[in-house]
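J.: Predicted coordinates and the sequence they were generated for:
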Amino acid sequence: MKRVLTKFLSGLVGEKVTVLGWINSKRNHGKIIFLDIRDRFGIVQIVILPGNDDYEKAEKISIESVVSVTGVVVKRPDNLINPNIISGKVEIQSEKFEVISPCDKLPFELDDTSEVSEETRLKYRYLDLRSKRMKKNIVNRHKSNQFIRNYLSKKGYLEVETPFLTKSTPEGARDFLVPSRNQAGMFYALPQSPQQYKQLLQIAGIEKYFQIVRNFRDEDQRGDRQPEFTQVDIEASFIDEKDIIKLTENLILELIKAIYPEKKLTLTPIPRLTYKEAIEIYQTDRPDLRKDKNNKNELAICWIVDFPMFEKKDDGSYGPSHHPFTALKKEFINDFEKQDPEKVIAQQYDLVINGNEIAGGSIRTHDVAVLKRVFEFLEHTQADIEEKFGHFLKAFMFGVPPHGGIAIGYDRLLMVLNNENNIREVIPFPKTGDGKDPLMDSPCRVEKKQLDELHITTQDRKRKK
RNA sequence: GGAUUGGUAGCUCAAUUGGUUAGAGCAUCUGCCUGUCACGCAGAAGGUUACGGGUUCAAGUCCCGUCCAGUCCGCCA
């Protein structure tokens, strides 16, 4: 018999159906057994009475086993309706009960996973994800993906995939490296962001690009940082700072309206603070502007604009505060080298929600002469520039549209919208703070044969004295 | 790399100033229970107190080291 999902059962009173799913709970009253069967959409109560051929099977069944139940859908009497479950107005009188796959003793209880240690949850993530809370986060993430793709597509943006096996970038975060088998001693790097590719796509004439894409950074973890994380990456040509800000703002506001309608905005229209103002007033470039921080449905969104272009490094020299491709504000282009480096302002903007940096982007320099001057100012030698950025600068010789973009830290956005304190809660299979995956037990050692093929010898970390 | 908090039953926690046989709830197992829906009741089982060393008549508790986990700083163009 064909399977019926729990969400359709209330409309099928009197019909014989089969439901498939997991045993959510079992209540044995001696002469009557209730089983709650759970599928992706909800729960239905099964009733089994003595005399039923499968009564003993039902007595013995363990919670979280996968079962099949065939029986007639009956209306519950008014006083026995359970409004808390999707099929609460009906129940199924079991005629045939089959165990498809039994469940062993559980390592933790699934009803409320918020108080189980994260290590245990991650080790058995496939059980953790059965919980209502995790399922909700996964469903919302899917809905958000669909919404964003649809929204940006309607605006004329093309989703373009960029490579994961790419080139190590000299600045920024530490790279994850992938050894090349064909080229001994050579390495690919996993992208810290598709920054260069998305700019090259503008030179390629794509004009409007987006991608929901994984990024990799080999830095130490935080509650809002993972070694691999997802960005909604956007780049467009012939636009200015205001256009990108408007697009991003509308995208996020529409997303919230569609999928998180319970959320309320504290500040409308969304305020724009300069970096200088934010630091002076709030001593941070990601202020939390909520009025009531205990209200889980309050969202205080703001933009921080006019970031400084350069920042002083430990050795006293200057580095780019974001990246060297960031465009200067027009008034600084002609003579930024002669000004106080800390007062040079870039066309750079960040979106902050409830004190979390959710998105950041900039207009990029499309004039190759200005780009070279920035590199020179950052004390790169000509040979250095050629080696590190030559491939990129070459492209700038062939007709570059003015362009800019933004990247939304998607996991952080979802963390805030799903009322979680940690991005690991909105990532199906996250790593621990140490960059490990307790479920797959990665990273792990590999066989010598594999290392030999990759021309690699390893050295165990020296013990501390 | 640094700081800090923690590691006690399958899970979540307790254990007074260092002092009797390390307790409780849930989960598990056994028995009872025909309307529960986180069912209920009675009972049982379950411990190398992360690991190693030290102080002490006596260590879950104090000290040292190691391992593991969380949070924060550094780091994150």
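T.: Alright, I've got the coordinates. Fair warning: this is a prediction, and the values are worked out from it, not measured in the lab.
J.: would you say residue A:92 is within a helix?
T.: No - read with DSSP: H, G, I helix; E, B strand; the rest coil, residue A:92 is strand and lies in no helix.
J.: what bridges to it?
T.: In this entry, residue A:92 is beta-bridged to residue A:46, residue A:73, by DSSP bridges.
J.: List the residues that contact it.
T.: By CB atoms under 8 Å, 6 or more residues apart in numbering, the contact set of residue A:92 is A:9, A:17, A:19, A:44-47, A:69, A:71-74. Where you see a C-beta, it was placed from the backbone N, CA and C, and this is true even at glycine.
J.: Now, of these, which are buried?
T.: Buried members of the contacts of residue A:92, scored by 16 or more other CB atoms under 10 Å, are A:9, A:17, A:19, A:44-47, A:69, A:71-73.
J.: if we look at RNA strand B, which of those are close to it?
T.: Applying CB under 7 Å from any atom of the strand to the buried ones among the contacts of residue A:92, one finds that A:45, A:47 fall near RNA strand B.
J.: okay, the buried ones among the contacts of residue A:92 in TSV with pLDDT next?
T.: TSV is the format used below for these (pLDDT from 0 to 100):
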residue	pLDDT
A:9	95
A:17	96
A:19	96
A:44	95
A:45	96
A:46	95
A:47	95
A:69	96
A:71	96
A:72	96
A:73	96
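J.: follow-up on the earlier one: quick check, nearest of the contacts of residue A:92 to residue A:57?
T.: Ranked by distance to residue A:57 (CB to CB), the contacts of residue A:92 are led by residue A:69 at 10.9 Å.
J.: what about the helices in the stretch 151-300 of chain A?
T.: Assigned by DSSP state H, counting those that start in this stretch, the stretch 151-300 of chain A shows helices spanning A:195-203, A:241-259, A:275-282.
J.: got the domain boundaries for chain A?
T.: A:3-101, A:120-307+A:346-366+A:401-426 (the TED database).
J.: re the thing from before, save the contacts of residue A:92 as a markdown table, and put in distance to residue A:248 too.
T.: Output for the contacts of residue A:92, formatted as a markdown table (distance: CB to CB, whole Å):
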| residue | distance to residue A:248 |
| --- | --- |
| A:9 | 42 |
| A:17 | 47 |
| A:19 | 44 |
| A:44 | 43 |
| A:45 | 46 |
| A:46 | 48 |
| A:47 | 53 |
| A:69 | 48 |
| A:71 | 52 |
| A:72 | 53 |
| A:73 | 48 |
| A:74 | 52 |
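J.: Tell me where chain A is predicted with low confidence.
T.: Low-confidence segments of chain A (pLDDT under 70): A:112-114, A:460-465.
J.: Let me know the helix or strand that the closest residue to residue A:103 other than its chain neighbours is in.
T.: Spatial nearest neighbour of residue A:103, chain neighbours left out: residue A:64 (3.9 Å); criterion: CB to CB, 6 or more residues apart in numbering. Here residue A:64 is covered by no helix or strand, with elements defined by DSSP states H and E.
J.: thinking again about what came up before, please identify the deepest-packed of the helices of the stretch 151-300 of chain A.
T.: Comparing the helices of the stretch 151-300 of chain A by mean neighbour count (mean count of other CB atoms under 10 Å), helix A:195-203 ranks first with a mean of 21.
J.: Surely residue A:411 is within a strand?
T.: No - using three-state DSSP, the secondary structure at residue A:411 is helix, not a strand.
J.: wait, doesn't it sit right on residue A:423?
T.: Yes - assessed by CB atoms under 8 Å, residue A:411 is found in contact with residue A:423 at 4.0 Å.
J.: Now do whichever helix or strand residue A:142 is part of: everything it contacts.
T.: Here residue A:142, judged by DSSP H and E, is contained in helix A:132-154. Under the criterion CB under 8 Å, 6+ apart, residues A:40, A:113-114, A:128-129, A:159, A:210, A:212, A:232, A:234, A:251, A:254-255, A:258-260, A:410, A:414, A:417-418, A:420, A:425-426, A:428 lie in contact with helix A:132-154.
J.: Only the buried subset of the residues you listed, as a ChimeraX command please.
T.: To isolate the buried ones among the contacts of helix A:132-154 in ChimeraX, judged by 16+ other CB under 10 Å, type:
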select /A:113,128,129,210,212,232,234,251,255,259,260,410,414,417,418,420,425,426
